[in-house]
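Undergrad: the amino acid sequence is not available; the structure is as follows:
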């Protein structure tokens, strides 16, 4: 069932157009979601509350390497997409190759694009694209104590040879 939620951007464009005709409010968010943790889950649940349909766009493996370096991602794009698609709060998942989600947002044209509270509105490069298409950006507060980088460092520290 969860794999059926994974769509191409082209498919999501058509799905979004049809949902908007039904007056459904579309929410998008994006990220790497490499090691899924409670911070991600709570963030995604809050994003879902902003509308009727939540679409999560994840960076492809190649774009993650460009952003985070050659050792990432730890989980490949298909596994990350399937993990996210298995969450009840997520309606659809897409994988994008670019370093930012602007191309994806141009196609889907969400009513709301959610970003983590670790961003300042001035840092959100996709803001112009979302607003140009009559959408708005909403910042969702970070869940303290949860970070993929912190998790990775915790694992390294726990298993480092002394």
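TA: In hand now; what should we look at? As the structure is a computational prediction, the values presented were derived from the model and not from experiment.

Undergrad: beta-bridge partners for the spatially most central residue of the chain, please?
TA: With distances taken as CA atoms, centre = their mean, residue 30 lies nearest the centre of the chain, 2.4 Å away. Listed beta-bridge partners, residue 30: residue 57 (assigned using DSSP bridges).

Undergrad: state the distance from it to residue 21.
TA: To residue 21, residue 30 is 24 Å away according to CB to CB, to the nearest Å. (Each C-beta comes from the backbone N, C-alpha and C, glycine too.)

Undergrad: quick one, helices of the protein?
TA: For the chain, the helices defined by DSSP state H cover 9-21, 38-48, 61-68, 77-85, 102-108, 127-132, 148-159.

Undergrad: picking up where we left off before, what sits against the residue nearest to the centre of the chain?
TA: 56-59, 96, 101, 104 (CB atoms under 8 Å, 6 or more residues apart in numbering).

Undergrad: would you mind listing the outside residues contacting stretch 59-73?
TA: Residues from elsewhere that reach stretch 59-73 (CB under 8 Å, 6+ apart): 30-32, 34, 76-77, 80, 95-99.

Undergrad: now find how far off-centre it is within its chain.
TA: 15 Å (CA atoms, centre = their mean, to the nearest Å).

Undergrad: which parts of that stretch are buried?
TA: Within stretch 59-73, the residues scored as buried using 16 or more other CB atoms under 10 Å are 59-61, 63-64, 68, 72-73.

Undergrad: measure it end to end?
TA: End-to-end distance for stretch 59-73: 10 Å, by CA to CA, to the nearest Å.

Undergrad: lowest-confidence helix or strand of this structure?
TA: The weakest-scoring helix or strand in the chain, judged by mean pLDDT, DSSP states H and E, is helix 148-159 (a mean of 87).

Undergrad: what about residue 6, distance to residue 32?
TA: 16 Å.

Undergrad: and if you look at residue 4?
TA: Residue 4 is 23 Å from residue 32, by CB to CB.

Undergrad: the two: who's more crowded?
TA: residue 32 (21 against 8; other CB atoms under 10 Å).

Undergrad: so can I have JSON lines of the buried residues of stretch 59-73 showing pLDDT and distance to residue 116?
TA: Formatted as JSON lines, the buried residues of stretch 59-73 follow (pLDDT from 0 to 100; distance: CB to CB, whole Å):
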{"residue": "59", "pLDDT": "98", "distance to residue 116": "14"}
{"residue": "60", "pLDDT": "98", "distance to residue 116": "20"}
{"residue": "61", "pLDDT": "98", "distance to residue 116": "21"}
{"residue": "63", "pLDDT": "97", "distance to residue 116": "18"}
{"residue": "64", "pLDDT": "96", "distance to residue 116": "17"}
{"residue": "68", "pLDDT": "92", "distance to residue 116": "16"}
{"residue": "72", "pLDDT": "93", "distance to residue 116": "18"}
{"residue": "73", "pLDDT": "95", "distance to residue 116": "18"}
